[in-house]
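1. Quick one: sequence and predicted model below, then my questions.
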Amino acid sequence: MSKNNIPGRIKLLRDSVALRIAAGEVIDRPFSVVRELLDNSIDAGSTNIDLYIDEGGIANIRIVDNGHGMSREDLEICYLPYSTSKIDTMEDLDQLSTLGFRGEALSSIAACSKLEITSKVKNKHPNNIIIHSSKCLSISESGGTDGTVIDVSDLFYSIPARKKFLKRASAETTGCKKLFLEKALPFPEISFKFFSDKKLKMFLPASSLKDRIVTAYPDVFSKKLLHGISSNFKDYKIKIIAGDPALHRTDRRYIQIFLNKRKINEFAFVQAVEYGYSEFLPGGNYPVAFLFIDVDPSLVDFNIHPAKKEVRFRNLQEIHRSIVDTIKSFLSTFEYNYTKSISNNEPSRDFTGFTEMLKEKDTVYQHSTVEREGTRELYKSINTVNKTYFPVDKFKTLNEPTVVSNPGNSNNKIIYMGQLFNLFLLTAIDDIFYFIDQHAAHEKILFNEFKSKNRKTQELLIPYLFELNDEKEKLFITDLKEYNYLGFSFESLGNNNWQLLEVPVYSIGKEEIIVNFVQSQKGRLADLETELYANMACKSAIKDGDIIDNITAIELIEKTLNLQNARCPHGRPVWFQVSVEELFHFLVRL
Ligand code: ADP
Ligand code: MG
């Protein structure tokens with residue numbers, strides 16, 4: 001608009017203005033330069049890439065690679081808009097195997113900085129080109145080794161408005177380092193170095209994927225607690241460096257998703273990882289998982305976001321399911337063991353003899369005479385134990401210990417010692433003592449039962465009526481198909497009134513729980529089934545504070561100790577276990 005609000009005549013922007021506006025799309029801060037330069041060096045087939053930044057990249061960003069380099073002819077045009085060696089036609093976009101393809105990075109960088117490139121193709125002379133604000137100042141033969149060195153100085157000197165928005169050097173450094181890691185993680189076969197203000201800050205030698213992650217976050221992960229999982233599907237492959245459930249965190253920082261070696265923000269996949277772990281972590285905690293998906297390039301479109309952070313998928317739902325399944329099936333074979341997580345490096349006493357002796361002498365367990373002895377005496381008596389096994393003082397009021405065989409392993413006897421605080425079932429097997437959380441244990445058992453039951457359904461004699469507000473009704477309607485699939489049928493009566501008509505046989509009598517679940521839905525849940533079963537299991541399970549008779553308790557213990565994954569559907573451990581060995585260690589420290 002002109003000054004007096006009369007629209008001016010349309011005119012074409014001068015190239016230099018247009019270029020700078022376009023540059024702003026791609027180059028936003030120093031880390032955007034870092035991103036584009038790293039992409040190019042990786043695309044050039046480098047095996048060694050060194051990145052240097054000064055003053056957060058504002059003063060200078062330099063990248064040195066040993067890739068295939070550029071010829072003099074390439075150098076002459078590489079900084080012009082739409083110059084790329086990576087695609088020719090639209091069809092090439094479907095076969096893309098490079099990180100770059102739009103041919104706009106170097107031209108954008110050239111428009112907003114002072115750019116100098118020295119490059120050498122094998123068996124040819126190296127050349128150097130200097131470009132300031134999109135203008136070539138010189139091009140000449142130079143010295144240099146195979147590969148490319150790029151210097152980007154004085155960022156945004158030609159766009160003062162943008163320069164004002166730069167943060168302090170330290171903040172920009174952090175941004176550059178974060179990007180450096182994002183780029184380096186999916187390429188463990190390439191060696192990377194990162195220097196800031198002339199100091200080496202990170203060295204990531206060529207290694208395996210798992211080692212790359214451990215080296216990239218040296219203070220965070222130990223290799224022992226990361227596991228590599230992979231599964232292949234028709235159009236895609238999934239590789240996960242999955243954290244041990246013991247590594248859980250209170251934020252999502254270490255749930256990272258890479259698609260075709262680019263880090264992406266795809267919340268559906270972050271959620272898939274969370275669902276995969278949900279039964280194995282305490283509520284409110286997030287897992288550690290680095291997810292690398294390789295999809296046939298024709299099934300994804302990266303060309304919808306300037307920084308390629310968002311992607312369109314043709315088979316998002318399917319990949320989502322595969323991620324959940326891959327993680328779940330891995331974790332279900334994974335025996336989470338408390339003793340492992342609390343073990344320390346102290347040299348341990350050898351208790352094997354003691355344990356063996358206990359195993360041999362069933363009498364030791366079967367009818368323990370409760371004798372009060374001081375802990376010191378107990379400790380001293382270790383080498384002379386023969387007839388008595390000492391439950392500590394508090395157990396005196398409990399039931400006579402009950403012995404049953406453990407169905408999972410008929411050699412082991414379960415000794416049930418009673419209920420403690422109406423919360424825990426105290427149990428011993430061999431030299432392990434278990435505090436079983438009665439509610440969590442029952443909840444998990446019911447959950448497994450619900451999940452394994454077949455989908456036979458039954459009509460309710462009397463339909464269960466309920467009401468939903470507008471917002472909840474909308475959500476509910478989008479979920480209806482999934483409910484139907486699970487065996488629940490509903491009918492709308494108009495005016496936000498509904499009735500539940502049919503349910504799977506295992507949930508007869510639980511209509512109220514089901515309807516409460518429907519009414520309390522907060523958002524669409526990808527794993528409705530798991531949530532619903534968890535909810536039903538939780539509501540139907542024995543509660544904390546319930547008094548349990550011996551027969552029920554033993555039945556519950558047997559089932560609990562045969563659980564594959566001893567965590568309730570919300571991730572709470574079902575029992576706490578402590579071995580004789582640990583108890584003695586504990587006493588020795590007193
Ligand atoms: P794109 O990566 O989308 O092709 P760029 O503007 O990032 O576009 O780069 C333009 C071209 O310059 C690339 O296609 C590539 O041929 C060449 N190039 C850039 N950086 C390098 C490098 N480090 N080594 C070899 N060639 C490079
Ligand atoms: Mg590029």
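-> Perfect, thanks for sending it. Ligands and ions are numbered 1, 2, ... in the order given.
2. Can you tell me the number of residues neighbouring residue 215?
-> Residues contacting residue 215 under the criterion other CB atoms under 10 Å number 18. Placement of C-beta: from N, CA and C, glycine included.
3. What distance do you get for it to residue 99?
-> 22 Å (CB to CB, to the nearest Å).
4. Quick one: residues in contact with stretch 210-221.
-> Residues outside stretch 210-221 that contact it (CB atoms under 8 Å, 6 or more residues apart in numbering) are 181, 184-185, 188, 202, 204-205, 207, 222-223, 226, 228, 241, 243, 247, 254, 288, 290.
5. Please read the previous query as pertaining to stretch 145-156.
-> 27, 30, 33, 37, 40-41, 44, 46, 57-70, 109, 112-122, 126, 162-163, 166.
6. Please apply the same query to stretch 255-273.
-> 99, 182, 185-187, 252, 274, 286-295, 297, 300, 302, 308-311, 316, 319-321, 323-324, 327, 526.
7. cool, and stretch 47-57?
-> 29-31, 33-34, 37-38, 41-42, 60-66, 155, 166-173, 175-176, 180, 189-198, 206.
8. Whether that stretch contacts ligand 1 - can you check?
-> No: using CB under 6 Å from any ligand atom, stretch 47-57 stays clear of ligand 1, coming no nearer than 9.0 Å.
9. Dump that stretch to PDB, keeping only the CA atoms.
-> Extracted C-alpha coordinates of stretch 47-57, given in PDB (Å, rounded to 0.1, in the frame of the first residue of the first chain):
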ATOM      1  CA  THR A  47      33.000 -40.200   5.900                       C
ATOM      2  CA  ASN A  48      34.500 -37.400   8.000                       C
ATOM      3  CA  ILE A  49      32.800 -34.100   8.800                       C
ATOM      4  CA  ASP A  50      34.100 -31.300  11.100                       C
ATOM      5  CA  LEU A  51      31.900 -28.400  12.100                       C
ATOM      6  CA  TYR A  52      33.300 -25.200  13.700                       C
ATOM      7  CA  ILE A  53      31.200 -22.400  15.000                       C
ATOM      8  CA  ASP A  54      32.400 -19.100  16.400                       C
ATOM      9  CA  GLU A  55      30.200 -16.900  18.600                       C
ATOM     10  CA  GLY A  56      27.300 -19.200  18.300                       C
ATOM     11  CA  GLY A  57      27.700 -19.300  14.500                       C
END
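10. now that stretch, how far from the centre of its chain.
-> Distance of stretch 47-57 from the chain centroid (CA atoms, centre = their mean, to the nearest Å) equals 28 Å.
11. those helices in the stretch 351-500 of the chain, which residues are they?
-> Counting by DSSP state H, counting those that start in this stretch, the stretch 351-500 of the chain has helices at residues 352-360, 362-366, 375-380, 438-452, 470-486.
12. Among the contacts of stretch 255-273, name the buried ones.
-> Buried residues within the contacts of stretch 255-273, defined by neighbour count using 16 or more other CB atoms under 10 Å: 99, 182, 185-187, 274, 286-295, 297, 300, 302, 308, 311, 316, 319-320, 323-324, 327, 526.
13. Give me the subset of those residues that also touch ligand 1.
-> Applying CB under 6 Å from any ligand atom to the buried ones among the contacts of stretch 255-273, none is adjacent to ligand 1.
14. Now intersect these with the helices, please.
-> Counted as lying in helices by DSSP state H, out of those, are 182, 274, 316, 319-320, 323-324, 327.
15. Sort out which one of those residues lies nearest residue 453 for me.
-> residue 324 (20.4 Å; CB to CB).
16. Would you check that my belief about that closest one contacting residue 274 is correct?
-> No: at 9.2 Å, residue 324 does not count as touching residue 274 under the criterion of CB atoms under 8 Å.
17. before we move on, back to that, export the ones in helices among the buried ones among the contacts of stretch 255-273 as TSV, with columns for pLDDT and distance to residue 466.
-> Shown next, in TSV, are those (pLDDT from 0 to 100; distance: CB to CB, whole Å):
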residue	pLDDT	distance to residue 466
182	96	48
274	93	29
316	84	32
319	91	35
320	91	30
323	94	34
324	93	30
327	93	34
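18. Spatially, which two of those are the most separated?
-> So, those by CB to CB: farthest apart are 182 and 324, at 24.1 Å.
19. Which single residue of the stretch 1-150 of the chain ends up nearest ligand 1?
-> Residue nearest to ligand 1 within the stretch 1-150 of the chain: residue 100 (2.3 Å; CB to the nearest ligand atom).
20. Find the nearest non-adjacent residue to that residue, please.
-> Counting by CB to CB, 6 or more residues apart in numbering, residue 100 lies nearest to residue 39, which is 5.0 Å off, once chain neighbours are set aside.
21. Mind checking what helix or strand follows the host helix or strand of the one you found in sequence?
-> Taking DSSP states H and E as the criterion, residue 39 maps to helix 30-43. Going down the chain from helix 30-43, the next helix or strand is strand 48-54, by DSSP H and E.
22. could you give the angle of that next one to helix 30-43?
-> Inter-element angle recorded for strand 48-54 and helix 30-43: 160 degrees (by axes from the mean of the first three to the mean of the last three CA atoms, to 10 degrees).
23. Next secondary structure element downstream of strand 48-54?
-> Downstream of strand 48-54, the next assigned helix or strand under DSSP H and E is strand 60-65.
24. buried subset of the contacts of stretch 210-221?
-> By 16+ other CB under 10 Å, the contacts of stretch 210-221 give 181, 184-185, 188, 202, 204, 226, 241, 243, 247, 254, 288, 290 as buried.
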